[in-house]
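**Student:** just a sequence and a predicted model for now, questions to come.
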Amino acid sequence: MPKIPRSVYVCQSCGSQSRKWLGQCPDCREWNTFVEERFRGTPKSNGGSSAYIGCRAAESVLYGDIEAQDDDRTLSGIEEMDRVLGGGIVAGSLVLIGGAPGIGKSTIVIQIADRLARSGTKVLYVSGEESERQIKMRGERLGVNAEDLYLLPETNLQAILAETGKLSPGFVIVDSIQTIYSEQVESAPGSVSQVRDVAAQFMMFAKQTATPVFLTGHVTKEGSIAGPKTLEHIVDTVLYFEGDRHHNHRIIRATKNRFGAANEIGVFEMTNSGLVAVGNPSELFLQERPENATGSVVTVCMEGTRPMLVEIQALVSGTKFGSGRRMTQGFDQNRASLLIAVLEKRLGFQLAGDDVFINVAGGMEIDEPAADLGVVAAIASSFRNLQVPPDTAVFGEVGLTGEVRGVLQAQTRAREAQTLGFTRLILPESNKKGLDKLLGMRVVGVKNLDQALDELF
């Protein structure tokens, strides 16, 4: 007799499983996220293990017999994307691109497909959301004109893998992972079980055939990839699209990369002809900086291996309520409250009755401690109504006792500021060593906030 299908309840937020329905997930504490899913037995291959179509039996290989592939990367044709990927596309890699709807995921992947197809690589573009006519229409708007680009509007995983066996492409793009379903899992497309099983099948396909696979995925309202965290563990690289619909620029950030630096970013500008790479993001974020304005300070941040100059703005104003508000955009609010407390305790600033607003201009988000000194300088500039000289850049971490601590890659930050024309740099005293040789630039090392504000004002 055939086996009765097994039923299990799966949390659609974290992937936790239970034999019965629960109102609240015991792992992620979310409510009403358990959905019943049914499974069939997975068909076995001749070797006795579950596998996708065309999977070969695994064999052990001597470590010394494996050829190094550090330089064996395929350039995507888009410089900023190659930077985020660590220098290019690695054979057999599985890359996940996540982002909000309409932010540009489909645009960037079809541009990559066009560049690769023009270079002679056979590319298979699988779309579960658009027909071939719709993809053609979008491709004409973006100037796509490649002969080796094949379109496959399909959502069935088994049919997709069968087509890859016939076509033998050198590159596969799946848009999007939430629309693909496997016949071996009895649940709706986009569910935790479907997403996990489909990603695992594409992972085995990529590793066995050494074919790079790009997956696009939607994000939830909390900003994470729709599906469990295990999906991010399966893939080799996770790229997140960041950006605001009110700004033209988009940022691709690598949150995980087995073949390159994590937290590397690529900056693009959204135009009518698609996403255009921005070679110097610092100029983009500083091009509209106001002149002779208080509360504006330029700080040098590191995004992966790239130094970037961004403008931090602060506004301190009186409030009609009992206590002031603290609002931030592009900077952690808790960190800002900590820095305001340091200003009040160590320097005697009376900010309890004032509203403090902090903004990172251009829609950029900063999450490293090296921006602390820039935030403190911007708040002090607005509070005292004194302007920070426009040719001055700052960076440094601020401690609870008011000391300015050293940061990593100080020389790289200093050279970026020098390239952009800044003539004075205020940084931690421990990072000053060796930077005095920078031509045409005055480097000032400070040990605490008293020295930093005296030098600024």
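**Tutor:** Sure thing, it's come through.

**Student:** okay, now the unreliable bits of this structure?
**Tutor:** Along the chain, the model assigns pLDDT under 70 to residues 1-6, 39-58, 69-71, 220-230, 245, 439.

**Student:** ok, which stretches of the stretch 301-450 of the chain are helices?
**Tutor:** Taking DSSP state H, counting those that start in this stretch, the helices of the stretch 301-450 of the chain run over residues 333-347, 372-384, 410-419, 449-456.

**Student:** which residues are in contact with Gly120?
**Tutor:** Asp148 (C-beta atoms under 8 Å, 6 or more residues apart in numbering). Every residue, glycine included, has its C-beta placed from N, CA and C.

**Student:** from Gly165, how far out is it?
**Tutor:** When distance is defined by C-beta to C-beta, to the nearest Å, Gly120 is 21 Å away from Gly165.

**Student:** how about Asp72?
**Tutor:** The gap separating Asp72 from Gly165 is 24 Å, by C-beta to C-beta.

**Student:** likewise Ser282?
**Tutor:** 47 Å.

**Student:** more neighbours, these two?
**Tutor:** Each of Ser282 and Gly165 has its neighbours counted (other C-beta atoms under 10 Å); Ser282 has more, 21 against 13.

**Student:** report the contact partners of the more buried one.
**Tutor:** So Ser282 contacts 307-310, 416, 420 (C-beta under 8 Å, 6+ apart).

**Student:** from those residues, pick the one nearest Asn32.
**Tutor:** Within the contacts of Ser282, the smallest distance to Asn32 is 40.4 Å, found for Val310 (C-beta to C-beta).

**Student:** burial check on the closest one, number of neighbours?
**Tutor:** Neighbouring residues of Val310 were enumerated by other C-beta under 10 Å; the total is 24.

**Student:** residues contacting it?
**Tutor:** Going by C-beta under 8 Å, 6+ apart, Val310 touches 282, 285-286, 298-299, 301, 360-362, 364, 366.

**Student:** out of those, name the ones that lie in strands.
**Tutor:** Judged by DSSP state E, strands contain the following of the contacts of Val310: 298-299, 301, 360.

**Student:** could you identify the most distant pair in the residues you listed?
**Tutor:** Across the ones in strands among the contacts of Val310, the longest distance by C-beta to C-beta is 11.3 Å; it joins Val298 and Val360.

**Student:** got any residues that touch both of those two?
**Tutor:** Common neighbours of Val298 and Val360 (C-beta under 8 Å, 6+ apart) are 310-312.

**Student:** which of these lies closest to Ala452?
**Tutor:** Each of those was scored against Ala452 by C-beta to C-beta, and Ile312 proved nearest at 14.2 Å.

**Student:** what is the neighbour count of the closest one?
**Tutor:** 28.

**Student:** would you agree it is in contact with Cys301?
**Tutor:** No: Ile312 lies out of contact with Cys301 (C-beta atoms under 8 Å); the separation is 9.7 Å.

**Student:** intersection of neighbour lists for these two?
**Tutor:** Overlap of the contact sets of Ile312 and Cys301 (by C-beta under 8 Å, 6+ apart) consists of 366, 371.

**Student:** circling back: closest to Leu161 out of the shared contacts of Val298 and Val360?
**Tutor:** If you rank those by distance to Leu161 using C-beta to C-beta, Val310 comes first, at 44.7 Å.

**Student:** that closest one and Ala200: what is the separation?
**Tutor:** 39 Å.

**Student:** let's have the helices of the stretch 301-450 of the chain in a markdown table, adding mean neighbour count.
**Tutor:** Below are these laid out as a markdown table (neighbours: other C-beta atoms under 10 Å):
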| stretch | mean neighbour count |
| --- | --- |
| helix 333-347 | 16 |
| helix 372-384 | 25 |
| helix 410-419 | 19 |
| helix 449-456 | 18 |
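
**Student:** out of those helices, which comes closest to Val8?
**Tutor:** helix 333-347 (38.5 Å).

**Student:** surely Arg38 meets Ser187?
**Tutor:** Yes: contact criterion C-beta under 8 Å: Arg38 and Ser187 qualify, at 6.9 Å.

**Student:** so which of those two has more stuff around it?
**Tutor:** Ser187 (20 against 13).

**Student:** burial measure for the nearest residue to the more buried one once chain neighbours are set aside, as a count.
**Tutor:** Once flanking residues are discounted, Ser187 sits nearest to Glu37: 4.0 Å by C-beta to C-beta, 6 or more residues apart in numbering. By other C-beta under 10 Å, the residues close to Glu37 number 20.

**Student:** among the helices of the stretch 301-450 of the chain, which comes closest to Val84?
**Tutor:** It is, among the helices of the stretch 301-450 of the chain and with distance given as C-beta to C-beta, helix 410-419, at 18.0 Å.

**Student:** export that closest one to PDB, keeping only CA atoms.
**Tutor:** C-alpha atoms of helix 410-419 as PDB (Å, rounded to 0.1, in the frame of the first residue of the first chain):
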ATOM      1  CA  ALA A 410      42.700  54.800   8.700                       C
ATOM      2  CA  GLN A 411      45.100  55.300   5.900                       C
ATOM      3  CA  THR A 412      42.600  54.200   3.300                       C
ATOM      4  CA  ARG A 413      40.000  56.600   4.700                       C
ATOM      5  CA  ALA A 414      42.600  59.400   4.700                       C
ATOM      6  CA  ARG A 415      43.500  58.900   1.100                       C
ATOM      7  CA  GLU A 416      39.900  59.000   0.000                       C
ATOM      8  CA  ALA A 417      39.400  62.300   1.800                       C
ATOM      9  CA  GLN A 418      42.500  63.600   0.200                       C
ATOM     10  CA  THR A 419      41.300  62.500  -3.300                       C
END
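
**Student:** spatially central, which residue of this protein would that be?
**Tutor:** In the chain, the centroid-proximal residue (C-alpha atoms, centre = their mean) is Arg253; its distance is 2.5 Å.
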